[in-house]
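Asks: model the structure of this input:
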Amino acid sequence: MAFERSDARSDPPTDAQCDPDRVRRRLRRRAERIERREVEEAVSKLEARGDLTDEQRETVRLLGAALRRRVAARPEAALERSG
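Replies: Numbers count the residues shown, from 1 in each chain. The predicted structure is shown next:
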């Protein structure tokens with residue numbers, strides 16, 4: 001999985017940036033983008049190695065979604081508590 005550098009901000013966060021709902025939406029969008037990219041890369045690599053069945057492709061997609069939910073669960077829970 002590729003790691004990405006987060007945007008570093010030198011200014012203190014504004015009220016809009018600290019809004020838990022806004023942060024939650026940004027977290028979900030970011031996690032979904034990473035999931036799509038990583039699943040596409042995994043499927044491409046597996047296809048390049050040989051035949052990849054539709055069932056295997058769907059399994060990779062389901063695994064990607066499960067991993068995204070698992071990784072985002074704690075930050076989302078923390079945002080729920082803060083809101």
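
Asks: C-alpha from now on. contacts and neighbour counts both.
Replies: Will do.

Asks: quick one, helices of the protein?
Replies: 15-18, 20-49, 54-82 (DSSP state H).

Asks: make TSV out of the ones you listed and add mean neighbour count and mean pLDDT.
Replies: Output for the helices of the chain, formatted as TSV (neighbours: other CA atoms under 10 Å; pLDDT from 0 to 100):
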stretch	mean neighbour count	mean pLDDT
helix 15-18	10	64
helix 20-49	15	94
helix 54-82	14	93
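
Asks: and the spatially most central residue of the chain, what does it touch?
Replies: Centroid check for the chain by CA atoms, centre = their mean gives residue 31 as the closest residue, at 1.8 Å. Residues near residue 31 by CA atoms under 8 Å, 6 or more residues apart in numbering: 68, 72.

Asks: how near is it to residue 53?
Replies: 26 Å (CA to CA, to the nearest Å).

Asks: same question for residue 43.
Replies: 11 Å.

Asks: isn't residue 39 up against residue 61?
Replies: Yes. Counting by CA atoms under 8 Å, residue 61 is a contact partner of residue 39 at 6.2 Å.

Asks: what are the phi and psi angles of residue 50?
Replies: phi 150, psi -160 (degrees, to the nearest 10).

Asks: can you report how many residues lie near it?
Replies: Residue 50 sits with 8 neighbouring residues when counted by other CA atoms under 10 Å.
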